[in-house]
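Participant: Build me a model:
(chains A and B)
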Amino acid sequence: MSLDQADPAALPAAGPAARKTGRKDGGAASARRGSNRRAGRWWTPWLFLAPALLLFLYFKFIPMANALTMSFQEVQPYLGNKWVGTENYSTVLHSEGFREAAWHTVVLAAGQTAGSMALGLALALLMEGQGRRLGFVRSAAFLPVVVPIAVVAELWRIMYHPTEDGMLNGILGMVGLGPSGFINDPDTSMASIMLTGIWRGAPYDMMIILAGLTSVDRGLYEAAKVDGASRTQRVWHVTVPGLRSVFSILFILAAIRGLRVFTEVFLLTNGGPDGSTEVVMTLIYKLGLEQNRLGVGAAGAVLLFIATLILTIVVHLLRRRESK
Amino acid sequence: MSAPTETALGLTESRSTGGRILKAVTYLLVLIVFAGPLLALLVSAFSHVKDPTELSVIPSGATLDNFRIAFDQGVLGYLLNSFFVVGFGLLLQVAVSVLAGYALARKVFPGMTLALVAILATLMLPEEILALPLSLILADLPVVHFNLIGTLAGMIVPLGAWGFSILVMTEFMKDVPRELEEAARIDGAGDLRIFAQIIMPMCKPALGVIGVFGFTMIWDQYLLPLLVSTDSSSYTLPLALRTLRIDPAVTPGVVMAASLLALLPSVVVFLFFQRSFVHGLTSGALKG
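Facilitator: A predicted model of the protein is given here:
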């Protein structure tokens, strides 16, 4: 990369600089000189911003630009990259493996999002209120969120032990259900990963919904009570509408998190058994770092990025239309 | 906070016997589901668990063997790597965030919108999607041509700037009264002095928020260390768990002991700074 790319901050500032400082200082040259000495020069703020922007440039923007270019190239270390147009994209889109991984990703994202939000809402409604004991239960319920994902995966791996005397199978056995293969069985592997995701995601949603619940008008509950509304009716007609914006934010966050899922799948099944849990990110990781097909991997990553972007924009548009 | 008021279900205010039983059962169920697995981890780390089937919440003879074996496997080194990464990563992140926050909150300057948009844009660029090109860049940093692969620096520097903490810092610094700053300027204080002596001391709560979040975020990193490390000498503890598990000589009890060491710091930080944590969580999510 060249130097002019390393310093984009200074470039766009030159144009509007004169105009804005002129307006702020009322155009008086002497006053401006004076205020400059006191308030610093126009580039002082950029100096404060420089570390952040430089790091973002190196570790966010250049990689993004590289991902875009690589996706149109056949990346050959030491031989130089060859421009192949949209070939990588058609390879990706026509590959059975990628289509399956994309489907798995969507299923996992949808299941985890819906499950976490539903369970999170239930938990929040059950544990709304004050009191020391309640605070303790809420904190304990929140612990899965702060436990590192790698630990969560190792723990659940052991709990999912497929024989009859595995921890979760033991519990299943108590209610008379047969031992499940969990992550070792292609039929249940996806649901098992989803369950782990919901376990870690629901308390997070609970905490956000609890915060949202405090802004619901208490008077409306009283009014509903006076009108003889049942608990279900109160929740459905007062609480849920009051939480609409909270839901849409949680939805965006969870769906994006779901689409880019990597670590738990990598550690729990690494795509197996029989590719039944292969998601887009584990596939990209294998393509790029194990098979060295960086161009194809980059094309997959760009498609994934576009998907998350579209999702974000659609939800934002829906929200805006709703609030009008 | 305010006095207890009407809630949606009214469960927590319930004083009847039936209500109390319902409440107790609910809380117990929540504890079993969410804290139960972690309790099993804790108990197993201190028990002779040789087989995955022995994972249990009921203690069966306490022992420190698991930790002893874990240390023989090099867990102490991985733990030190993790502490090194989180320590320097957090230091860098806090420094970068307060500097950027100061500029964005306290200054009006040409190109400000552009800077803000750039920072917001980074929040929409998930690290997972950038993984492949990032691993190439870490092998050969543009312009300076450093190779960070296999070094702990490679796991620290990319986390130095985080849009979330910059935005939290900016929001917070906006609330410091202008008058204080103007008075200092009249007294002849420069930007650095105002920043260090006026703004920073008033932002301690925000430092708590970004500190706790930055810690949790860096401690939880998996993909970045995976991309950067080349051999076990640069593994962080979360990364090492997988290598431990694959080793046939290592029992699940040892893995649980190492897992306990890997989760303890973030849980302790969360429990100590719960208020900051929940405050940051809700303000970050709900203001968006």
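
Participant: Find the helix or strand that A:Phe48 is a member of.
Facilitator: helix A:44-56 (DSSP states H and E).

Participant: The helix or strand following that helix vs helix A:44-56, what angle?
Facilitator: Heading C-terminal from helix A:44-56, the first helix or strand you meet, by DSSP H and E, is helix A:62-70. Between helix A:62-70 and helix A:44-56, the angle comes out at 50 degrees (axes from the mean of the first three to the mean of the last three C-alpha atoms, to 10 degrees).

Participant: And chain B, is helix A:62-70 touching that?
Facilitator: Yes. Using C-beta under 8 Å from any C-beta of the partner chain, helix A:62-70 comes into contact with chain B via A:62-64, A:66-67, A:70. Bear in mind the C-beta positions are built from the backbone N, C-alpha and C, glycine included.

Participant: and that helix, what's its mean pLDDT?
Facilitator: Helix A:62-70 carries an average pLDDT of 92.

Participant: Just the buried positions in that helix, please.
Facilitator: Neighbour counts over helix A:62-70 (16 or more other C-beta atoms under 10 Å in any protein chain shown) mark A:62-64, A:66-67, A:70 as buried.

Participant: show me what contacts the residue nearest in space to the middle of chain A?
Facilitator: In chain A, the residue lying closest to the centroid (C-alpha atoms, centre = their mean) is A:Arg257, at 2.5 Å. Listed by C-beta atoms under 8 Å, 6 or more residues apart in numbering or on different chains, the contact set of A:Arg257 reads A:109, A:201.

Participant: got it, and the one 3 residues further on?
Facilitator: Neighbouring residues of A:Arg260 by C-beta under 8 Å, 6+ apart: A:281, A:304, A:308, B:126, B:128-129.

Participant: ok, for residue 137, nearest residue in space, not its chain neighbours?
Facilitator: Went with chain A since none was named. Nearest-residue entry for A:Val137: B:Tyr27, 4.7 Å, with adjacent residues in sequence omitted and distances by C-beta to C-beta, 6 or more residues apart in numbering or on different chains.

Participant: wrong one, chain B
Facilitator: Closest to B:Ile137 by C-beta to C-beta, 6+ apart is A:Pro63, at 5.7 Å.

Participant: can you pull the contacts of the one you found?
Facilitator: By C-beta under 8 Å, 6+ apart, the residues touching A:Pro63 are B:130, B:133-134, B:137.

Participant: Report the buried residues of the helix holding A:Phe48.
Facilitator: By 16+ other C-beta under 10 Å, the buried positions in helix A:44-56 come out as A:44-46, A:48-56.

Participant: Could you tell me the average pLDDT over it, please?
Facilitator: Per-residue pLDDT over helix A:44-56 has a mean of 93.

Participant: can you tell me if that helix touches chain B.
Facilitator: Yes. For helix A:44-56 and chain B, the contact criterion (C-beta under 8 Å from any C-beta) is met by A:44-46, A:48-49, A:51-53, A:55-56.

Participant: gap between the residue nearest to the spatial centre of chain B and chain A?
Facilitator: By C-alpha atoms, centre = their mean, chain B has its centre lying nearest to B:Thr216, at 1.0 Å. Distance of B:Thr216 to chain A, computed by C-beta to the nearest C-beta, to the nearest Å: 6 Å.

Participant: My guess is that residue contacts B:Val267. True?
Facilitator: No. Checked against C-beta atoms under 8 Å, the pair B:Thr216 and B:Val267 is beyond contact range at 9.9 Å.

Participant: Show me whatever sits in contact with both of the two.
Facilitator: Counting by C-beta under 8 Å, 6+ apart, the common neighbours of B:Thr216 and B:Val267 are A:Val146.

Participant: Enumerate every residue touching A:Ala254.
Facilitator: Counting by C-beta under 8 Å, 6+ apart, A:Ala254 touches A:109, A:112-113, A:116-117, A:201, A:205.

Participant: in chain B, which helix has the most residues?
Facilitator: Ranked by residue count and defined by DSSP state H, the top helix of chain B is helix B:75-106.

Participant: Contacts (any at all) between chain A and that one?
Facilitator: Yes. Looking at helix B:75-106 against chain A by C-beta under 8 Å from any C-beta, the contacts come from B:95-97, B:99-100, B:102-104.

Participant: And A:Lys82, its phi and psi?
Facilitator: phi -110, psi 130 (degrees, to the nearest 10).

Participant: can you count the residues close to it?
Facilitator: For A:Lys82, the count of nearby residues is 12 (other C-beta atoms under 10 Å in any protein chain shown).

Participant: Could you tell me how many residues sit around the closest residue to it other than its chain neighbours?
Facilitator: The spatially closest residue to A:Lys82, leaving aside those adjacent along the chain, is A:Glu74, at 4.4 Å (C-beta to C-beta, 6+ apart). Using other C-beta under 10 Å, the number of residues around A:Glu74 comes to 17.
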